[in-house]
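Novice: give the three-dimensional model of this entry:
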Amino acid sequence: MKKFIAMAALAATLPLAALADDDGDDDAPQFGLAGLLSAKNKHDLEPIQLSAGMPLTQAPWVLKSGSYYEFEIQGDGSQELGLVGPEFFRAIWIDEIVVEGLEIRPLGLDSIEFDEAGEMEIGFIAIKPGSYYLKIPGSTGDSQRLEITIE
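Specialist: Got it, this is the predicted structure:
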């Protein structure tokens, strides 16, 4: 029993020793106190434009699992438009949605809709690798669909 307690105490100190050891490995993640939410791990994505007959973005998104991303959705009010992408929203962890200075921290999301002109910002961590999309419901054109890959 004493050996077990000694081994457990030694094992508990190993992670602390590994954190304190600076071996100069530049490839190792260098997260600050906030970890995944640190500024070093944050990336801004191209905004999504919700406008009648216009493409959502210029290029598909390629994301890295474990990275924090922010993007804006800008609706011009030309038409009542929304975005749907339940598979994508289940493959990410949403930190917050900001609408006119109001911060919303949802447990999940299925779709959003703009009834009039406005803007929102979504911050999230990409989690589950795979191929996903966001699209305008009922649309069939490629420009009305944003392809997303999480690596």
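
Novice: confirm E121 sits in a strand?
Specialist: Yes. Assessed by DSSP: H, G, I helix; E, B strand; the rest coil, E121 belongs to a strand.

Novice: need the helices for the chain, in chain order.
Specialist: 2-20, 86-90 (DSSP state H).

Novice: dig out what the most centrally placed residue in the chain forms beta bridges with.
Specialist: The structure's the chain has its C-alpha centroid closest to F124; by C-alpha atoms, centre = their mean the separation is 2.9 Å. The partner list for F124 in beta bridges (DSSP bridges) reads Y69, I94.

Novice: follow-up on the earlier one: hey, least reliable of the helices of the chain by pLDDT?
Specialist: With a mean of 49, helix 2-20 has the lowest mean pLDDT of the helices of the chain.

Novice: where does the chain dip in pLDDT?
Specialist: Scanning the chain for pLDDT under 70 picks out 1-34.

Novice: please enumerate the strands of it.
Specialist: 42-44, 48-50, 61-63, 68-75, 81-84, 92-99, 102-104, 111-114, 118-126, 130-135, 145-150 (DSSP state E).

Novice: same list (these) but as JSON lines, adding distance to L36.
Specialist: From N, CA and C alone the C-beta is placed, and that goes for glycine too. Output for those, formatted as JSON lines (distance: least, C-beta to C-beta, whole Å):
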{"stretch": "strand 42-44", "distance to L36": "9"}
{"stretch": "strand 48-50", "distance to L36": "23"}
{"stretch": "strand 61-63", "distance to L36": "13"}
{"stretch": "strand 68-75", "distance to L36": "6"}
{"stretch": "strand 81-84", "distance to L36": "24"}
{"stretch": "strand 92-99", "distance to L36": "9"}
{"stretch": "strand 102-104", "distance to L36": "18"}
{"stretch": "strand 111-114", "distance to L36": "24"}
{"stretch": "strand 118-126", "distance to L36": "6"}
{"stretch": "strand 130-135", "distance to L36": "19"}
{"stretch": "strand 145-150", "distance to L36": "14"}
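
Novice: state the distance from the closest residue to I73 other than its chain neighbours to K40.
Specialist: In space, and not counting its chain neighbours, I73 is closest to I48: 4.7 Å by C-beta to C-beta, 6 or more residues apart in numbering. Distance, I48 to K40, by C-beta to C-beta, to the nearest Å: 25 Å.
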